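Peer 1: how would this look folded up:
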Amino acid sequence: MASISDHVPTSRSHIGTRDDCISLGPGSTQVTVKKVFCGPGHGNSVGSLGKFPKEEDVQGLHVENCTISDNTNDLKIKTWAGSASSSASKFTYEDIVMNNVANPIIIDQQYCPYTSCSQKGPSRVKIIDISFKDIRGTSTSKIAVNLLCSEAFPCKMLRLKASNWSTMDKGKLRQPRVPM
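Peer 2: Numbers count the residues shown, from 1 in each chain. Coordinates of the predicted model:
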């Protein structure tokens, strides 16, 4: 996990940890990921954010020309419910191929990895200016894009452009539904 990191490039790598391929935490800025093969594992994640007071913002993530295979989650931004104030902004994901990924695109602002969490209320992490361009492939779930934004600070400037998804349903491909 990269936390409080600035201008970190990752390129031409094969990451298969069975955990996160790339994981960014509070304070990460200007991180570039290019031509990376990710999988099998959990995928690429920003967060969890907002668990602790006074966390630094995450800004300027660029992920381009990557292939992701056999992951449970990918292109995920996760923030705690009842979180401290911070922001995640200026992310671009483009030209990404996903094969056999369970949850390709997720924004989860009610993140809780435990059976019960003590934090109550909406996330106060602002998610701003996130772009998904030319993301394509197959999802093992029926929902390829799942956006669960904060009620208090709704996601702003989210863009999903030129994406093409199919789901695997008993060996048959079909178009997924995208909840909004």
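Peer 1: how deep is the nearest residue to Asp70 once chain neighbours are set aside tucked in, by neighbour count?
Peer 2: Closest residue to Asp70 apart from its sequence neighbours, by C-beta to C-beta, 6 or more residues apart in numbering: Pro40 at 3.9 Å. Heads up, the C-betas are built off the backbone N, CA and C, glycines and all. Close neighbours of Pro40, defined as other C-beta atoms under 10 Å, add up to 16.
Peer 1: Would you check that Pro40 makes contact with Ile15?
Peer 2: No - Pro40 is beyond contact range of Ile15, at 10.1 Å (criterion: C-beta atoms under 8 Å).
Peer 1: does the residue nearest the centre of the chain have beta-bridge partners, and which?
Peer 2: Geometric centre of the chain, nearest residue: Lys76, 1.7 Å, by C-alpha atoms, centre = their mean. Under DSSP bridges, the beta-bridge partners of Lys76 are Ser45, Ile106.
Peer 1: do the one 10 residues further on as well
Peer 2: With DSSP bridges applied, the residues forming beta bridges to Ser86 are Val125.
Peer 1: Can you tell me how far it is from Lys54?
Peer 2: Going from Ser86 to Lys54 by C-beta to C-beta, to the nearest Å gives 8 Å.
Peer 1: Does Leu61 touch Val46 like I think?
Peer 2: Yes - Leu61 is in contact with Val46 according to C-beta under 8 Å; the separation is 6.7 Å.
Peer 1: Identify the contacts common to the two.
Peer 2: Common neighbours of Leu61 and Val46, using C-beta atoms under 8 Å, 6 or more residues apart in numbering, are 24, 28, 91.
Peer 1: Tell me which entries of those lie within strands.
Peer 2: Cross-referencing the shared contacts of Leu61 and Val46 against strands under DSSP state E gives 24, 91.
Peer 1: Export the shared contacts of Leu61 and Val46 as JSON lines, with columns for neighbour count, pLDDT and distance to Lys35.
Peer 2: As requested, the shared contacts of Leu61 and Val46 are arranged in JSON lines below (neighbours: other C-beta atoms under 10 Å; pLDDT from 0 to 100; distance: C-beta to C-beta, whole Å):
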{"residue": "Leu24", "neighbour count": "25", "pLDDT": "93", "distance to Lys35": "18"}
{"residue": "Ser28", "neighbour count": "23", "pLDDT": "95", "distance to Lys35": "20"}
{"residue": "Phe91", "neighbour count": "23", "pLDDT": "98", "distance to Lys35": "18"}
